[in-house]
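**Student:** here you go, sequence then predicted model.
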Amino acid sequence: MEKLAEDLRMEILLRLPDFKSILRCKCLSKSWYSLISSPKFTDLHFQRSSSQHAHRFLYTNPPERIRSIDINASFNDHSATIELDFPLIKPYTDINIITSCRGFLLLMLVKDQLLFLWNPTTGLHKQISNPPLPWVPTISYGFCYDESVDDYLVVAFNFNDPSWLESFVIFSLRTNSWQKLTISDSYQLPKITIPFPVKSGSFLNGSIHWLISCCDPPQVEAKIIALDITTKDLREIPGPPDDDDNCMNYDLGVLGGFLTITSYYKHNSLGEVKIWRMREYGVKSSWTKLISLSGQRKISYILPLCFTKDGEILAVDSGIGLSKWSDGSGNLLEYLEFWGRPHKSWVQYTETIHSLPLTASFLST
C-alpha cells in the first residue's frame, strides 16, 4: 500500500502543469520533499519533460537581465519570456554561458575566472574549481552526465597548446576534483597547428565531440574528435563530404539526437548554409544533407539548436537573434532579434528539477 501511495503521488506530480507547482509541493511535508527530490522522480520528470519538448533558450541581456524563452511559443508571445536571476553577481556583463546538460548550465564569471553549475529552473548552483591549466582564453570545455555512476563531468583542454593532447583534464562532481587525462593517440590525430576557436563540446552516445581545425599542408580542414567518457579514449569521427570549395566555416552540434555539421558558403551577397546530419553514428556514408538555407536574405551565421514540438528548426541567427525554419522547405518562419550586435552568452536547455549528486555540496536559493 505504501508503494502504491508513492506511485500515485508521483503520477499526480508528473501531471502538474508547470515546475513551480511541483516545487511548491516540496513545502507540504518532509515526505513530499523527499519524494520530489528523489532521483527516481527527477529522472521520470526529466524523461517526460524531454519527450514533451520542455526546452528553453536562455541569454544574457547586459547589464541587468537574464532572459529565458519558451522555444515552442511564438516569438510574438511575450508571456513566453521570463526573467531569471543568477544569485551571485550583477551586472551580468561578466557571465559567459558555456553549455548545458540535463537542465544545468556550465558558466563562467570571466573577470574573476570562476566556474559554476546552475539550474535556472530550481535555482540550485555550485561553484567548481578551475581546471589545473594555465589561464588562457583558448580553453575549450565539455559538460556531460555519466548515468552509470550518477556523476556530472566537466572536461577541459587548451586547443592552442602545441601539446594539446596532453592538456586534457576532467572534473568529477562526485569527487569534487580535477584529474589529468592520459589520452592514447591511437588514431594518430594531427596537431592543431593554426589558431582556430574550438567551441564547447557536444555530448552524444557517451562521448563529447569537438570540431577542431588541422593543418596538413597545403590544406586546412575541420575534423571531429570524440572523447569517450567511460574509456577516456579519443577518436576521430568522419565528417560529411566536402562538396564545395567555397565553404568558409563549420559548426558542430547535436540536433534531434543526431550529430550535425553546419557549413557556411559565400556564393553571393546572400550566402548559403547547409545542415548535415549523421544518420548512423560513426558511419561516414550516413551523412545526409538535412536542409539548405539560401537566397532568402543575407545569412552570415545560422547555428541550429533543436527541433520545436512542431518540427521546426530553432537556430541562433547571425549571433544577434533567433530564427525558426521549416524542416521540409527551408523557409524562414519567424525571426526575433534580441541583441543589436553579435553576442555569445546564450544556451538552449531543458527545464528539469534535477539536483546535484548527494556527495556534492551546493547552495540553494
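**Tutor:** Thanks, I have it. Numbers count the residues shown, from 1 in each chain.

**Student:** helices along this structure, start to end?
**Tutor:** Taking DSSP state H, the helices of the chain run over residues 2-14, 19-25, 30-37, 39-51.

**Student:** tell me which residues of the first one come out buried.
**Tutor:** This points to helix 2-14. Neighbour-count burial for helix 2-14 flags 9-10, 13 (criterion: 16 or more other C-beta atoms under 10 Å). Quick note: C-beta positions are derived from backbone N, CA and C, even for glycine.

**Student:** and for it, what are the contacting residues?
**Tutor:** Residues outside helix 2-14 that contact it (C-beta atoms under 8 Å, 6 or more residues apart in numbering) are 22, 25, 32, 35-36, 40-41, 44-45, 48.

**Student:** tell me what angle it forms with helix 39-51.
**Tutor:** For helix 2-14 against helix 39-51, the angle by axes from the mean of the first three to the mean of the last three C-alpha atoms, to 10 degrees is 30 degrees.

**Student:** swap in the third one?
**Tutor:** Helix 30-37 runs at 50 degrees relative to helix 39-51, counting by the same axes, to 10 degrees.

**Student:** tell me where the model's unsure across the stretch 101-250 of the chain.
**Tutor:** The stretch 101-250 of the chain contains residues with pLDDT under 70 at 184-198, 214-221, 242-248.

**Student:** which other residues reach stretch 35-52?
**Tutor:** Contact partners of stretch 35-52, identified using C-beta under 8 Å, 6+ apart, comprise 6, 9-10, 13-14, 22-23, 25-26, 102-103, 150, 309, 350-355.

**Student:** narrow the residues you listed to those that are buried.
**Tutor:** Of the contacts of stretch 35-52, these count as buried by 16+ other C-beta under 10 Å: 9-10, 13, 22, 25-26, 102-103, 350-355.

**Student:** about what we covered before: turn the helices of the chain into a markdown table, including distance to W210 and mean pLDDT.
**Tutor:** Converted to a markdown table, those look like this (distance: least, C-beta to C-beta, whole Å; pLDDT from 0 to 100):
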| stretch | distance to W210 | mean pLDDT |
| --- | --- | --- |
| helix 2-14 | 36 | 70 |
| helix 19-25 | 32 | 75 |
| helix 30-37 | 34 | 78 |
| helix 39-51 | 24 | 73 |
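
**Student:** compare the ones you listed and give me the one nearest Y59.
**Tutor:** Evaluated with C-beta to C-beta, these place helix 19-25 nearest to Y59, the distance being 19.5 Å.

**Student:** follow-up on the earlier one: pull the most distant pair out of the contacts of helix 2-14.
**Tutor:** W32 and R48 (18.7 Å).

**Student:** which one of the contacts of helix 2-14 is nearest Y250?
**Tutor:** Comparing the contacts of helix 2-14 against Y250 with C-beta to C-beta places R48 closest, at 34.6 Å.
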